[in-house]
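Enquirer: coords below, sequence missing:
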């Protein structure tokens with residue numbers, strides 16, 4: 001249960017309760033500000049390798065390979081809509097394509113591959129006023145480059161990517177000493193690579209890296225976007241794919257980049273952009289974009305589903321070398337040789353709906369053992385002043401589809417208006433309605449389950465095919481939920497089963513599979529339930545001996561109650577197969593039902609159950625899930641703003657002969673109606 005202040009707890013138990021409801025709308029995507037890009041420059045430069053960086057004075061430095069051995073640069077002081085991005089200065093005649101740029105303070109460093117197949121540096125220590133050049137290292141056959149400053153010190157890192165090897169070249173800009181750190185992942189036999197991007201994250205500290213490559217694998221090779229990282233000990237982290245296309249489908253992923261602002265705000269994260277290239281009928285190249293889920297870690301590969309970048313909406317797109325990302329104090333920047341875009345960094349003020357709320361209906365349900373019902377939120381707003389009237393493109397001002405709505409529920413207390421977080425929801429639709437002397441605006445929102453219901457797998461996703469990067473059930477849930485921007489967490493800690501952390505199933509999500517279907521299958525392996533709450537989710541093993549956290553029927557009245565008990569499973573059986581192919585059979589029993597001659601059996605065969613421990617856990621989980629459905633009930637109560645799904649509550653209802661009985665909360669429906677003075681909840685409860 002959510003923690004409530006003493007004054008809020010007392011207010012919700014009073015007979016003369018006064019509700020307080022707060023709702024604000026943000027132009028966010030699961031806690032991350034949505035970027036609105038404006039193109040500042042459209043030129044005629046040919047596409048090729050390119051890069052962008054900002055020095056300590058805020059000047060923009062861009063580079064591009066011009067073909068025929070040329071390398072060009074430009075410096076834009078105070079870049080903005082009126083700047084001239086068409087002027088270039090040639091700085092080399094021996095550039096063989098790959099190039100990269102990084103800057104910090106007064107230092108600007110450009111790296112490129114020469115026609116002699118060595119890596120060269122071209123650098124300035126006075127904001128680009130004067131330049132020097134020299135060989136960086138001798139490292140042949142480089143296909144692409146990226147560069148990134150290591151924090152705020154003297155080290156800049158040039159990443160050189162070959163067909164099957166990555167080299168992190170650390171350069172001390174004070175002494176001009178360069179050190180190579182070559183690496184190949186033994187678990188991935190790369191056949192080729194197609195571009196690289198890198199950005200520094202001070203949290204580790206480490207440099208986060210994304211690159212494109214073709215991986216040799218069985219039963220087929222595939223093209224991937226991989227993530228890795230470069231640690232503060234100058235070592236690389238294990239590769240992991242987060243976007244894949246099988247060989248033979250004519251789709252490749254190329255020239256990715258990633259960027260995290262140096263002083264990232266709470267609504268900013270590492271963003272990734274890459275090219276999707278299709279060479280079949282109606283061939284295309286188009287940029288895809290995704291980002292790291294708020295509050296997660298690069299090493300966990302928790303990225304949202306890559307989707308077409310809106311920059312292509314204005315017309316045809318042919319930029320096989322992709323886009324580069326950077327940021328300055330006030331703007332995100334994106335560029336390619338013939339284009340420059342910017343998007344504001346600061347977040348807009350939210351739209352406060354609170355004073356206009358007439359009615360509110362909120363439904364929350366658990367996400368296991370089944371997914372019946374869907375959490376949703378419906379607001380009815382007073383539009384008598386016309387502030388929610390239709391605007392350009394049928395979009396009300398400061399409101400659009402999938403905007404993020406943060407809800408808080410509370411009461412007016414002796415300490416003032418008090419409320420607690422009641423979740424985050426996403427605008428799915430709206431409608432205007434009118435009658436004589438009345439104008440209403442109704443908003444329908446989805447919760448995280450609704451987002452998963454709308455998501456489907458774009459390609460086959462498989463975990464634990466082999467021993468490379470093993471993932472437990474919890475870790476697979478973590479990555480699945482990340483595709484829609486939801487963070488799975490266990491803070492504060494909840495009871496967890498052994499299976500959810502120690503069972504590593506060979507688990508496949510096929511193309512077209514709905515997110516909710518994948519969740520249902522994965523959760524069937526464990527006794528734990530999944531609770532989706534706003535931008536976060538948590539799992540909880542509903543232990544039979546869990547103590548109650550709240551009481552109804554004494555200080556907190558029950559308006560009405562219904563209680564039922566039904567026959568359910570009396571035994572369950574899990575069947576598996578050991579490593580030596582011997583059969584595994586484990587059972588769980590409800591002896592109370594069996595004593596009554598009730599014999600209802602459920603069986604589950606799973607070749608992933610390779611030990612008696614895992615099989616017994618599965619049998620126990622099947623029986624436990626059934627027992628939770630045996631007792632059912634419904635309570636209608638004055639709204640408890642701290643109530644959470646899967647809480648165990650104590651119920652006393654003398655009208656039905658129930659005294660201090662424990663039940664578990666499986667669903668919560670909250671209704672608020674200002675016109676009819678209604679502020680109540682309906683709780684679906686079951687066996688504890």
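Expert: Sure thing, it's come through. None of these values were measured; they are calculated from a predicted model.

Enquirer: isn't residue 71 right next to residue 90, touching?
Expert: Yes: using CB atoms under 8 Å, residue 71 is in contact with residue 90, at 7.2 Å. (Each C-beta comes from the backbone N, C-alpha and C, glycine too.)

Enquirer: higher neighbour count, those two?
Expert: residue 71 (27 against 11; other CB atoms under 10 Å).

Enquirer: Can you tell me which helices and strands the helix or strand hosting that one packs against?
Expert: Residue 71 is part of strand 70-76, with elements assigned from DSSP states H and E. With contacts taken as 3 or more CB pairs under 8 Å, 6 or more residues apart in numbering; DSSP states H and E, strand 70-76 sits against strand 60-67, strand 89-92, strand 95-104, strand 107-114.

Enquirer: Which secondary structure element is home to the spatially most central residue of the chain?
Expert: The centroid of the chain falls nearest to residue 485 when counting by CA atoms, centre = their mean (2.6 Å). Secondary structure assignment for residue 485, by DSSP H and E: no helix or strand.

Enquirer: ok, the closest residue to residue 386 other than its chain neighbours - contacts?
Expert: Excluding the flanking residues, the one nearest residue 386 by CB to CB, 6 or more residues apart in numbering is residue 439, at 7.1 Å. By CB atoms under 8 Å, 6 or more residues apart in numbering, the contact set of residue 439 is 382-384, 386, 432-433.

Enquirer: Nearest to residue 255 among the residues you listed?
Expert: Taking CB to CB as the measure, residue 255 lies nearest residue 432 of the contacts of residue 439, at 44.7 Å.

Enquirer: does the residue lying closest to that closest one once chain neighbours are set aside sit in a helix, a strand or a coil?
Expert: In space, not counting the residues next to it along the chain, residue 432 is nearest to residue 441; the distance is 5.8 Å by CB to CB, 6+ apart. Residue 441 falls in the strand class when you classify it by DSSP: H, G, I helix; E, B strand; the rest coil.

Enquirer: Check the gap between residue 441 and residue 22 for me.
Expert: 18 Å (CB to CB, to the nearest Å).

Enquirer: What of residue 662?
Expert: Distance from residue 662 to residue 22, by CB to CB: 32 Å.

Enquirer: According to the record, where do the domains of the chain fall?
Expert: 6-27+349-446, 32-344, 452-540, 550-686 (automatic domain parsing).

Enquirer: any chance of these in TSV, with mean pLDDT too?
Expert: What follows is these, written out as TSV (pLDDT from 0 to 100):
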stretch	mean pLDDT
domain 6-27+349-446	88
domain 32-344	96
domain 452-540	94
domain 550-686	93
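
Enquirer: which residues in the stretch 551-688 of the chain form strands?
Expert: Ranges of strands in the stretch 551-688 of the chain, per DSSP state E, counting those that start in this stretch, are 560-565, 571-577, 583-589, 601-605, 631-638, 648-653, 658-673, 678-686.

Enquirer: which parts of the fourth one are buried?
Expert: Of the residues in strand 601-605, those buried under the neighbour-count criterion (16 or more other CB atoms under 10 Å) are 602, 604.

Enquirer: Verify the contact between residue 109 and residue 125 for me.
Expert: No: using CB under 8 Å, residue 109 is not in contact with residue 125, being 9.5 Å away.

Enquirer: Give the residues shared as contacts by these two.
Expert: Shared contacts of residue 109 and residue 125, counting by CB under 8 Å, 6+ apart, come down to residue 173.

Enquirer: ok, how many other residues are close to residue 6?
Expert: Residue 6, neighbours per other CB under 10 Å, totals 10.

Enquirer: Show the backbone phi and psi for it.
Expert: phi -60, psi -40 (degrees, to the nearest 10).

Enquirer: Please name the residues that touch it.
Expert: Counted by CB under 8 Å, 6+ apart, residue 6 has zero contacts.

Enquirer: Let's verify residue 261: helix, strand, or coil?
Expert: Residue 261 - assigned by three-state DSSP - is coil.

Enquirer: Taking the contacts of residue 439, tell me the two that lie furthest apart.
Expert: The widest separation within the contacts of residue 439 (CB to CB) is 13.6 Å, between 386 and 433.

Enquirer: about what we covered before: residue 604 versus the residue nearest to residue 432, what's the distance?
Expert: For residue 441, the distance to residue 604 - CB to CB - is 48 Å.

Enquirer: likewise residue 685?
Expert: 27 Å.

Enquirer: Quickly list what the nearest residue to residue 684 once chain neighbours are set aside is bridged to.
Expert: Closest residue in space to residue 684, ignoring its immediate chain neighbours: residue 667 at 3.7 Å, by CB to CB, 6+ apart. Beta bridges link residue 667 to residue 365, residue 684, judged by DSSP bridges.

Enquirer: give me every residue that touches residue 667.
Expert: 363-366, 373, 645, 683-684.

Enquirer: can you pull the buried residues of stretch 627-645?
Expert: 627-628, 630-633, 635, 637-645.

Enquirer: Quickly name whichever of the residues you listed is closest to residue 512.
Expert: For the buried residues of stretch 627-645, the nearest to residue 512 is residue 645 (29.2 Å; CB to CB).

Enquirer: Please identify the longest strand in this protein, counting by residues.
Expert: strand 416-435 (DSSP state E).

Enquirer: if we can go back for a sec, so which of the helices and strands packed on strand 70-76 is the most surrounded?
Expert: strand 107-114 (a mean of 26; mean count of other CB atoms under 10 Å).

Enquirer: could you say what helices and strands the helix or strand just after that strand packs with?
Expert: Per DSSP H and E, the first helix or strand lying C-terminal to strand 107-114 is strand 119-124. In this structure, strand 119-124 packs against strand 89-92, strand 107-114, strand 132-137, strand 155-161, with contacts taken as 3+ CB pairs under 8 Å, 6+ apart.

Enquirer: The shortest one: how far from the chain's middle?
Expert: Distance of strand 89-92 from the chain centroid (CA atoms, centre = their mean, to the nearest Å) equals 41 Å.

Enquirer: Can you pull out the residues in contact with that strand?
Expert: So strand 89-92 is in contact with 66, 69-74, 110, 112, 114, 120, 122, 131, 133, going by CB under 8 Å, 6+ apart.

Enquirer: Now for those residues: which two are most distant?
Expert: 74 and 114 (21.0 Å).

Enquirer: Most neighbours out of the contacts of residue 439, which is it?
Expert: residue 383 (20 neighbours).

Enquirer: next one: phi and psi at it?
Expert: According to degrees, to the nearest 10, residue 383 has phi -120, psi 30.

Enquirer: Could you tell me the angle between the longest helix along the chain and strand 571-577?
Expert: When the chain is parsed with DSSP state H, its longest helix is helix 612-630. If you take axes from the mean of the first three to the mean of the last three CA atoms, to 10 degrees, helix 612-630 sits at 150 degrees to strand 571-577.

Enquirer: quick check, distance from helix 612-630 to the centre of its chain.
Expert: With CA atoms, centre = their mean, you get 31 Å for helix 612-630.

Enquirer: Could you do stretch 678-688 as well?
Expert: 30 Å.

Enquirer: Of all the residues in that stretch, which ones are buried?
Expert: 679-688.

Enquirer: could you dump the residues you listed to CSV with distance to residue 276?
Expert: CSV is the format used below for the buried residues of stretch 678-688 (distance: CB to CB, whole Å):
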residue, distance to residue 276
679, 49
680, 50
681, 46
682, 46
683, 47
684, 44
685, 48
686, 46
687, 49
688, 50
